[in-house]
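Visitor: Provided below for reference: sequence and predicted model.
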There are 2 protein chains.
Amino acid sequence: MRNLKISSSLEDYLEAIAEIIESEKHAHSKEIAEKLKVSTPSVSHALQALAARGLIRYQPHAPVTLTRRGKKLADAIRHRHQVMKCFFANILKLSDEEADDFACKTEHILTEKYKDRFVALADAIENREDCTGLRKYLDEYLPTIEGEDSDIISLDLLPLGHEATVVSISENLPGIKKFADLGLVHGSILQMEGKAPFGDLIRIRVMESRLSMREKDAANIWVKPLNANANAAG
Amino acid sequence: MRNLKISSSLEDYLEAIAEIIESEKHAHSKEIAEKLKVSTPSVSHALQALAARGLIRYQPHAPVTLTRRGKKLADAIRHRHQVMKCFFANILKLSDEEADDFACKTEHILTEKYKDRFVALADAIENREDCTGLRKYLDEYLPTIEGEDSDIISLDLLPLGHEATVVSISENLPGIKKFADLGLVHGSILQMEGKAPFGDLIRIRVMESRLSMREKDAANIWVKPLNANANAAG
DNA sequence: AGCTTGACTTAGACAAGTCTAACTTTATAT
DNA sequence: ATATAAAGTTAGACTTGTCTAAGTCAAGCT
Ligand SMILES: [Mn+2]
Ligand SMILES: [Mn+2]
Ligand SMILES: [Mn+2]
Ligand SMILES: [Mn+2]
């Protein structure tokens, strides 16, 4: 007997295949790769895994088709996706794209039972007559909840070796003028060069200068890390 | 060095470490292993990864401690866990254990923004005065939803002559409005009346009306067969 | 001090999933 | 028919996360 449970990754491949077959009749590797934003060798690899589990019919260089089991599983996944997308869009008031993205993550951890409860909840909120007040409230209030730009951290949390842009400096920072003279101002790029393991001192590089400050003072400086690939010592 | 974003697995280790430190002061490998149900070598491996990312202080054979960054991240994860656990338990009426399990999965894909919206929704449902009816309904109805029937299929797979309830209709369905007018909506009962052997057309009966659609379009409609009579062989 | 024992780490295997580079197959255009 | 281009596969590297087996460390007990 074959395995009934497959990985999130394979679920996404299966889902993509089903959707492509539906809209274009033939599912080609390249399209799957584009849809999932992976390389074609990754697709070949996944197709072999799906074929080994009896979910698709796969012959090299021919478009894939879904077996009956594959179709059924793909439909279940797509249904979870669709149900959650509706919940996120209609109840939580996420944008269409956000709802879609988030649904495509939840679909892999959602069981039938939980899905059904989400459906029932959404259904009640949307259709019960005594919920007009709630609906109005959700409509008006939820869209105002915006996520913080959570990339921004205080300088003392910047990992060793990482670079970051200075987003803002609190005027509480002792010696702010002196630091500004050395180039530490809004918009400048700095790198965390050293952290004393016990001590309170950190060492950073800004432009051509290097400077040290107390770790707790560094909490007054907010930075946005640049894409994480700095050359790190250590 | 490393990315600021860590894997689900490392998030779980970090979460476990924070909880152990809180309840026992010292986080030992063996306890982490027991809590997460993994082997101690897996723990050693994970601890090295967390240390390399500056999230814990780790020296072989000594209990680990959280760095400031590690504590902050652990707290964020635990908060997401807690918030979702409350939602699943109090709103969706899952058991404590189910809510906990499911929360520990969702915590890894939930952003701050989405978390805040779940909180606002739960808050409104639990506390608004005009929601007593909804609360009563959820209290009585949701616990009756038990999972794992899972015989939901897309309409194109419904065998000839079989009846089914419409579970959901994707908005991708072309002509969705026209079909809705004819009675094809969530909850309606339909019967598969005909399938063209080659052609793409299927014919169904809904209420008193009969209608046809392309087979591939029918894949946008999910139905639950009424009399479990379908042949299961793949 | 030396022995015993449990905790912890290291070493090495493996599976999944991704990539790039290089190759093969199929389709298209002379 | 042959050359070229596109699509697809294979090979092999790398990362993450898990395991078992085999060691090392440290603490407590003779
Ligand atoms: Mn999806
Ligand atoms: Mn997905
Ligand atoms: Mn958790
Ligand atoms: Mn978790």
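Guide: Here it is on my side, so go on. Ligands and ions are numbered 1, 2, ... in the order given.

Visitor: What's the first helix or strand after the lowest-mean-pLDDT helix or strand in chain A?
Guide: Averaged element by element with mean pLDDT, DSSP states H and E, chain A has its least confident helix or strand at strand A:153-154 (a mean of 77). Sequence-wise, the next helix or strand downstream of strand A:153-154 (DSSP states H and E) is strand A:163-169.

Visitor: the strands in chain A, which residues?
Guide: A:56-57, A:65-66, A:153-154, A:163-169, A:189-195, A:201-206, A:209-214, A:221-225 (DSSP state E).

Visitor: As CSV, the ones you listed with mean neighbour count would be great.
Guide: Yep, even glycine has a C-beta here, placed from its N, CA and C like the rest. Shown next, in CSV, are those (neighbours: other C-beta atoms under 10 Å in any protein chain shown):
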stretch, mean neighbour count
strand A:56-57, 20
strand A:65-66, 18
strand A:153-154, 19
strand A:163-169, 18
strand A:189-195, 19
strand A:201-206, 18
strand A:209-214, 15
strand A:221-225, 20
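
Visitor: quick one: which of the ones you listed is nearest DNA strand D?
Guide: Minimum separation from DNA strand D across the strands of chain A (C-beta to the nearest atom of the strand) falls at strand A:56-57, 11.0 Å.

Visitor: Within its sheet, name the partner strands of the closest one and how each one runs.
Guide: Using DSSP bridges, the strands paired with strand A:56-57 are strand A:65-66 (antiparallel).

Visitor: what is the mean pLDDT for the strand it pairs with?
Guide: Averaged across strand A:65-66, the pLDDT comes to 96.

Visitor: which residues sit in contact with A:Asp100?
Guide: Residues near A:Asp100 by C-beta atoms under 8 Å, 6 or more residues apart in numbering or on different chains: A:Lys85.

Visitor: name the helices or strands packed onto the least confident helix or strand of chain A?
Guide: Here strand A:153-154 touches strand A:221-225, going by 3 or more C-beta pairs under 8 Å, 6 or more residues apart in numbering or on different chains; DSSP states H and E.

Visitor: Can the strand it packs on be said to contact chain B?
Guide: Yes - using C-beta under 8 Å from any C-beta of the partner chain, strand A:221-225 reaches chain B at A:Pro225.

Visitor: on that earlier part again, can you redo the strands of chain A as a markdown table with distance to ligand 3?
Guide: Formatted as a markdown table, these follow (distance: least, C-beta to the ion, whole Å):
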| stretch | distance to ligand 3 |
| --- | --- |
| strand A:56-57 | 34 |
| strand A:65-66 | 35 |
| strand A:153-154 | 22 |
| strand A:163-169 | 29 |
| strand A:189-195 | 29 |
| strand A:201-206 | 31 |
| strand A:209-214 | 34 |
| strand A:221-225 | 25 |
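
Visitor: looking at those, which is closest to B:Glu15?
Guide: B:Glu15 sits nearest to strand A:153-154 of all the strands of chain A, at 19.6 Å, using C-beta to C-beta.

Visitor: tell me the contacts of the residue nearest to A:Glu98 when sequence neighbours are not counted?
Guide: Once flanking residues are discounted, A:Glu98 sits nearest to A:Phe88: 7.0 Å by C-beta to C-beta, 6 or more residues apart in numbering or on different chains. Counting by C-beta under 8 Å, 6+ apart, A:Phe88 touches A:Leu94, A:Glu98, A:Ala99, A:Phe102, A:Ala103, B:Tyr114.

Visitor: same thing with A:Leu73?
Guide: A:Ile6, A:Glu11, A:Leu14, A:Leu55.

Visitor: Compare the residues you listed and tell me which is most surrounded.
Guide: A:Leu55 (27 neighbours; other C-beta atoms under 10 Å in any protein chain shown).

Visitor: What distance do you get for that one to A:Lys71?
Guide: Separation of A:Leu55 from A:Lys71 (C-beta to C-beta, to the nearest Å): 9 Å.

Visitor: Out of the contacts of A:Leu73, which is nearest to ligand 2?
Guide: Set against ligand 2, the nearest of the contacts of A:Leu73 by C-beta to the ion is A:Glu11 (6.1 Å).

Visitor: contacting residues for that closest one?
Guide: For A:Glu11, the contacting residues are A:Leu73, A:Ile77, A:Glu107, A:His108, by C-beta under 8 Å, 6+ apart.

Visitor: What's the per-residue pLDDT of the nearest residue in space to A:Cys86 that is not next to it in sequence here?
Guide: In space, and not counting its chain neighbours, A:Cys86 is closest to A:Ala122: 6.5 Å by C-beta to C-beta, 6+ apart. We have a pLDDT of 97 for A:Ala122.

Visitor: The residue of chain A found nearest DNA strand C - how many residues pack around it?
Guide: Residue nearest to DNA strand C within chain A: A:Ser7 (2.7 Å; C-beta to the nearest atom of the strand). For A:Ser7, the number of neighbouring residues by other C-beta under 10 Å comes to 11.

Visitor: Could I get the phi/psi values of it?
Guide: phi -70, psi 160 (degrees, to the nearest 10).

Visitor: show me what contacts A:Ser42?
Guide: Neighbouring residues of A:Ser42 by C-beta under 8 Å, 6+ apart: A:Ala33.

Visitor: go with 7 Å
Guide: A:Ser42 makes contact with no residue under the criterion C-beta atoms under 7 Å, 6 or more residues apart in numbering or on different chains.

Visitor: and what of the one 10 residues further on?
Guide: The neighbours of A:Ala52, taking C-beta under 7 Å, 6+ apart as the test, come to nothing; the list is empty.

Visitor: and the gap between it and chain B?
Guide: In this view, A:Ala52 and chain B are 14 Å apart by C-beta to the nearest C-beta, to the nearest Å.

Visitor: So that residue versus ligand 4, what's the distance?
Guide: 29 Å (C-beta to the ion, to the nearest Å).

Visitor: confidence score at that residue?
Guide: At A:Ala52, the model reports a pLDDT of 92.

Visitor: cool, and the one 5 residues further on?
Guide: A:Arg57 carries a pLDDT value of 97.

Visitor: Not counting sequence-adjacent ones, nearest residue to it?
Guide: A:Thr65 (4.8 Å).
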